[in-house]
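A.B. asks: Next input, structure requested:
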Amino acid sequence: MATTEIAILDALKELLEAEFKEFKWHLSNSGTKEDSIPRGKLENISRHDVVTLMVQQYRSSDAGKIAVRVLKKINQNELAEELKKKLPEVLEDVSAEGGASSSAAAAKVSTAGVNVTITSSNGGSVKAPVIHGGVFNGPINFS
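C.D. replies: Below you'll find the predicted structure:
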């Protein structure tokens with residue numbers, strides 16, 4: 001699995017110059033001043049430098065999530081999905097929003113057929129409102 005930084009960089013390399021410029025615009029206009037990267041820092045910088053700024057501003061785990069969101073905002077949905085598949089922290093975030101989450105060891109999610117594998121050890125807690133392979137709704141206790 002590629003590191004977050006390399007996965008984001010690979011996605012940004014797929015963008016045309018106008019699309020890259022729009023990507024940077026969204027980073028500087030993401031809502032609150034604390035969440036946005038100042039426009040001056042994004043002006044005339046390379047894709048590598050954008051990745052570095054994103055990791056500095058948002059931490060490595062959140063940088064991937066933000067890159068996926070911005071790619072979707074600029075209608076690069078296919079590229080966003082490819083990036084999402086490369087980033088385990090993005091997959092965990094997506095599964096927490098609409099599927100399963102784990103406070104313990106690992107979560108593996110596959111969007112083709114919505115397969116979720118959750119591993120929990122040492123008393124970890126799993127909250128899974130929907131489990132695929134049978135229809136289960138609500139909390140489920142594993143022993």
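A.B. asks: Let me know the pLDDT of G64.
C.D. replies: Here, the pLDDT recorded for G64 equals 91.
A.B. asks: and it, what element?
C.D. replies: Using DSSP states H and E, G64 sits in helix 47-73.
A.B. asks: helices or strands up against that helix?
C.D. replies: Packing partners of helix 47-73 (3 or more C-beta pairs under 8 Å, 6 or more residues apart in numbering; DSSP states H and E): helix 4-13, helix 17-28, helix 39-42, helix 77-86, helix 88-98. Using the backbone N, CA and C atoms, a C-beta is placed for each residue, glycine as well.
A.B. asks: and the ones you listed, which is most packed in?
C.D. replies: helix 4-13 (a mean of 19; mean count of other C-beta atoms under 10 Å).
A.B. asks: re earlier: can you put the helices and strands packed on helix 47-73 in a markdown table and add mean pLDDT?
C.D. replies: Output for those, formatted as a markdown table (pLDDT from 0 to 100):
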| stretch | mean pLDDT |
| --- | --- |
| helix 4-13 | 94 |
| helix 17-28 | 94 |
| helix 39-42 | 91 |
| helix 77-86 | 93 |
| helix 88-98 | 47 |
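A.B. asks: Against Q76, how distant is E19?
C.D. replies: Taking C-beta to C-beta, to the nearest Å as the measure, E19 and Q76 are separated by 7 Å.
A.B. asks: Put together a markdown table for the helices and strands packed on helix 47-73, with distance to D49 on each row.
C.D. replies: Compiled in a markdown table, the helices and strands packed on helix 47-73 are given as follows (distance: least, C-beta to C-beta, whole Å):
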| stretch | distance to D49 |
| --- | --- |
| helix 4-13 | 10 |
| helix 17-28 | 10 |
| helix 39-42 | 9 |
| helix 77-86 | 18 |
| helix 88-98 | 22 |
